[in-house]
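**Q** need the 3D shape of this:
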Amino acid sequence: MDIIRRFYNLYISEDKDLTVRLRPILGFTPARLSLFKTAFYHKSMTNETPGKATNERLEYLGDAILSTIVAEYLFKKYPNKDEGFLTKMRSKIVKRQTLNEIADNMGLDVILSEYSMGKMSSSMLGNALEALVGAIYIEFGYERTKNYVIRNILMKYLDIAELETRDDNHKSQLLEWCQKNGKEVGFITLAKFKLDKRDCFKVAVVIDGQEVSTSEDFNKKSAEQAAASKAMEKLNIQYTVTS
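**A** Alright, predicted model coming up:
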């Protein structure tokens with residue numbers, strides 16, 4: 001039955017163009033094409049078609065599956081590393097910024113742009129990647145999803161060795177620097193407003209009562225990280241990772 005579905009989706013379905021675009025990314029023709037289409041259907045589209053399912057449920061599922069796969073992968077790759085190291089490495093891989101970059105390199109932005117309204121934020125890319133993992137899990141189960149994630153995501157788009165020495169948590173770095181130098185630092189939400197029908201946050205970094213930098217993003221944590229990065233650059237704070 002799945003063979004017939006895949007043939008139909010590739011040659012007959014009204015969404016066959018989506019199938020053609022998905023094949024190079026997935027390495028296979030999906031049988032449940034509507035499921036994979038939903039993986040790219042952002043909630044901003046509900047204004048056009050109220051009641052239609054968005055990718056949020058698949059994103060929830062994919063997030064859990066991806067975290068489990070990465071945890072297992074790291075556990076086997078680093079048999080002599082402790083829990084703290086493994087936790088930090090997993091966090092670096094599944095964090096929003098990393099997933100956004102991977103999704104962009106995979107070319108998910110081209111597909112996502114057709115199923116979203118207004119300006120596309122970088123966080124939408126990572127969300128779509130998680131939803132895609134969720135769809136693959138429903139299509140094939142855990143083992144084949146694990147193989148796909150390891151071969152087509154972790155090994156293809158990540159430099160694991162480079163990640164070991166990378167620390168791009170700018171907020172944490174800035175907090176540590178301020179603590180060492182006896183300075184008071186705060187992250188203040190200056191505004192929450194609508195942009196392209198989505199919530200957007202403007203965040204400021206305030207050090208010793210002085211506003212040092214600001215940044216805006218659809219995700220509050222991302223806005224804080226960006227503002228912290230700007231503050232570190234402005235204050236010429238150099239951060240070196242120690243092994």
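**Q** switch to C-alpha atoms for all contacts and neighbour counts from now on
**A** Noted.
**Q** please parse this protein into its domains.
**A** 2-165, 170-234 (automatic domain parsing).
**Q** strands of the protein, start to end?
**A** 185-195, 198-207, 210-217 (DSSP state E).
**Q** Gln97: which of those strands is closest?
**A** Counting by CA to CA, Gln97 lies closest to strand 210-217 out of the strands of the chain; the figure is 12.3 Å.
**Q** list the buried residues in the closest one.
**A** Neighbour counts over strand 210-217 (16 or more other CA atoms under 10 Å) mark Val212, Ser213, Thr214, Ser215, Glu216, Asp217 as buried.
**Q** can you check stretch 90-110 too?
**A** Under 16+ other CA under 10 Å, the buried positions of stretch 90-110 are 90, 92-94, 96-104, 106, 108-109.
**Q** run the chain-centre distance for it.
**A** Centroid displacement of stretch 90-110 relative to its chain, using CA atoms, centre = their mean, to the nearest Å, is 5 Å.
**Q** any idea of the mean pLDDT in that stretch?
**A** The pLDDT scores in stretch 90-110 average 91.
**Q** which residues are in contact with it?
**A** 25, 66-67, 70-71, 74, 122-129, 153, 157-158, 163 (CA atoms under 8 Å, 6 or more residues apart in numbering).
**Q** which strands and helices sit next to the lowest-mean-pLDDT helix or strand in the chain?
**A** Here the helix or strand of the chain ranked lowest by mean pLDDT, DSSP states H and E is helix 160-165, holding a mean of 85. Contacts defined by 3 or more CA pairs under 8 Å, 6 or more residues apart in numbering; DSSP states H and E place helix 160-165 against helix 83-94.
**Q** could you rerun that using 7 Å?
**A** Taking 3 or more CA pairs under 7 Å, 6 or more residues apart in numbering; DSSP states H and E as contact, there are no helices or strands that helix 160-165 lies on.
**Q** show me which residues of it are buried.
**A** Applying 16+ other CA under 10 Å to helix 160-165 flags no residue as buried.
**Q** just stretch 137-144 next, same as before
**A** In stretch 137-144, counting by 16+ other CA under 10 Å, buried: Tyr137, Ile138, Glu139, Tyr142.
**Q** how far off centre is that stretch?
**A** For stretch 137-144, the distance to the chain centre is 20 Å (CA atoms, centre = their mean).
**Q** cool, stretch 24-35 as well?
**A** 20 Å.
**Q** between the two ends of that stretch, how far is it?
**A** Using CA to CA, to the nearest Å, the span of stretch 24-35 from its first residue to its last is 17 Å.
**Q** same check, this time on stretch 162-179
**A** 28 Å.
**Q** outside of that stretch, which residues touch it?
**A** With contacts defined as CA atoms under 7 Å, 6 or more residues apart in numbering, stretch 162-179 is touched by Met89, Glu184, Val185, Glu224, Gln225, Ala228, Ser229, Met232, Val241.
**Q** most neighbours, which of the residues you listed?
**A** Most neighbours among the contacts of stretch 162-179, by other CA atoms under 10 Å: Ala228, with 28 neighbours.
**Q** hang on, the earlier thing: which stretch among the strands of the chain comes nearest Thr29?
**A** strand 198-207 (32.9 Å).
**Q** mind listing what's buried along the closest one?
**A** Buried, per 16+ other CA under 10 Å, within strand 198-207: Cys200, Phe201, Lys202, Val203, Ala204, Val205, Val206, Ile207.
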